[in-house]
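Colleague: Sequence plus predicted model, see below.
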Amino acid sequence: MRYLLFLLTLAVAVPAVAGDVRAIFGQLSTGRAAPVASYFDDHVLMAVDQVEEMLSESYATNILQQFLDRGSNWRFTQIHSGHSVDGGRSFILGSLTGSTGSFRVYVLYRGGANAPVIQQLTVERE
């Protein structure tokens, strides 16, 4: 019975976390990095354009903003989400489409629904 209760709790909690993070990345549609960057960890593993390294929160914010500034009419769509077996980290895979093309976005984060902490952000041309 406890196992069933645990599974039901997990089934309700995981979509809530994914929903909040999806809303955060929906903010990319504004063309502003700040709403997303406010959830960055102190250092973020960032892969955008020619940059692929561990960056400070402020530098990662600048790189993301420079990327967004090159296009317009951005739209983020979630494709898939999930979490690690131990429940420590979760991910979202999505598509970011704008005037400069379509990009695959991969986000790795830890934390719960109230305070996700983004540890990795990858943006690749589709």
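Modeller: Looks like it arrived, so ask away. Residues are numbered from 1 along each chain as shown.

Colleague: which residue sits closest to the residue nearest the centre of the chain, ignoring its sequence neighbours?
Modeller: The residue lying closest to the centre of the chain (CA atoms, centre = their mean) is Val107, at 3.8 Å. Spatial nearest neighbour of Val107, chain neighbours left out: Ile92 (4.7 Å); criterion: CB to CB, 6 or more residues apart in numbering. Where you see a C-beta, it was placed from the backbone N, CA and C, and this is true even at glycine.

Colleague: how about the strand or helix carrying the residue nearest to the centre of the chain: buried residues?
Modeller: Using DSSP states H and E, Val107 sits in strand 101-110. Neighbour-count burial for strand 101-110, counted by 16 or more other CB atoms under 10 Å, picks out 103, 105-110.

Colleague: How about stretch 56-67?
Modeller: Residues of stretch 56-67 classed as buried: 57, 60-61, 63-64, 67 (neighbour count, 16+ other CB under 10 Å).

Colleague: Tabulate the residues you listed (TSV), appending distance to Glu126 and pLDDT.
Modeller: Shown next, in TSV, are these (distance: CB to CB, whole Å; pLDDT from 0 to 100):
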residue	distance to Glu126	pLDDT
Glu57	27	96
Ala60	22	97
Thr61	24	96
Ile63	19	96
Leu64	18	96
Phe67	14	96
